[in-house]
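S.K.: model this:
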Amino acid sequence: MARARRRESPAVVKSVAHRFDAPSVAAVVLLVLTIVLLAVSLSVPWWASFAGGVMTSWYLGSSCTGGACAAYASSPAVASVFGLTLALVTAALAVTVMTLVAFGAALVWPRMTVLAYVLGAVGTVLILLAPVYLYFTLPGALTSSAFPAPVAGFFGSYAGGGTSYSWTGAAGWFLAWLIVPAALAATAAVWASARRHVAEERALETLTALEPHTEEAPSQEAEEEAQRFCPLCGLRYPGTTEFCSKDSAPLKDVIS
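M.R.: Below is the predicted model of the structure:
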C-alpha cells in the first residue's frame, strides 16, 4: 500500500516561517508593547498640581479636580500646549501601528522592511517630541493663563497668600520616557531583520538568475555519457552516433 504523500506548505508560508526569526519576533513584541504603552499614556494625566493639598490632574484633553473635569477652553495657551502634545502622541501611535503592519507585510515581501524601519524611526521621534515639548512650553502657557501661582519650571513649588502650591510631571509624562527606549529597540530589531531578509532575497535572485546555466551542464554531460553499441561487432559509440563505422549496422542503446 502506497504511503500517503505529505501535503506541501505553500511557498509563501514557508518563506514567512523562515523569516520569522529571533530579530523578527523581538521586533513584533516591542512594537506591540510600544502600541499598548502609547494607548495607556493617552488615558492618564501628564501633569499634576497641588493647591493646599488638593490635587488637580492635567490630562491631554482636560484637567480634573476632585472628580470634576473641565476642558482647557478657558485658557487658549494651555489648550494649545496640551493639544499639540496630544497630536504628537496620537500621531506616534498611528505611525507605530503602521510600522507593525508594514513589518508584517515584510515577512512576505522583504523589501517592505525598509519602509517599516523608516516608519519606526519617525514614530520614535514623535514619541520623544511629546514630553520634551510639554516640558519646555507648559510653564510659559500656565504663567500667561489664570494659574494661581507663578510657574517657573515644569517641576516646582510656591507659597503665597497662605496657600502652598506645588507641581510635577504625572504618569503620562514619565511613561513617555519609558516608551522611547522600547520604540528605539523595536526600530533596531526591525533594522536587523531588514538587513538579513533583504540580503537573503538578493542572494535568492542571484541564484535564480544562474539556474538556467546550472541546469544546462548536467544535460550535456548526460548526453556525452550515454553510449550505443553495434549488434554485429559489439563496438561501442557515443550516444549521438547512429550507425557502426565498421558494419554500417544501426546502433542500439546500451541498457544499464
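
S.K.: Gly239 contacts Arg228, correct?
M.R.: Yes. Taking contacts as CB atoms under 8 Å, Gly239 lies within contact range of Arg228: 5.9 Å. The way it works is simple: take the backbone N, C-alpha and C, and place the C-beta from them, glycine included.

S.K.: which residues are common contacts for the two?
M.R.: With contacts defined as CB atoms under 8 Å, 6 or more residues apart in numbering, the residues shared by Gly239 and Arg228 are Asp253.

S.K.: So Ser80 lies in a helix, does it not?
M.R.: Yes. Under DSSP: H, G, I helix; E, B strand; the rest coil, Ser80 sits within a helix.

S.K.: Would you confirm that it contacts Leu142?
M.R.: No. Ser80 is not in contact with Leu142 according to CB under 8 Å; the separation is 12.0 Å.

S.K.: How about stretch 162-171, which residues are buried there?
M.R.: Buried residues in stretch 162-171, defined by neighbour count with 16 or more other CB atoms under 10 Å: Tyr165, Ser166, Trp167, Gly169, Ala170, Ala171.

S.K.: In helices, which of these appear?
M.R.: Using DSSP state H, the members of the buried residues of stretch 162-171 that fall within helices are Ala171.

S.K.: residues touching Thr143, list them.
M.R.: Thr143 sits next to Pro150, Val151 when contact means CB under 8 Å, 6+ apart.

S.K.: per-residue confidence at it?
M.R.: Note for Thr143: predicted pLDDT of 90.

S.K.: For it, what are phi and psi?
M.R.: According to degrees, to the nearest 10, the main-chain angles of Thr143 amount to phi -60, psi -40.
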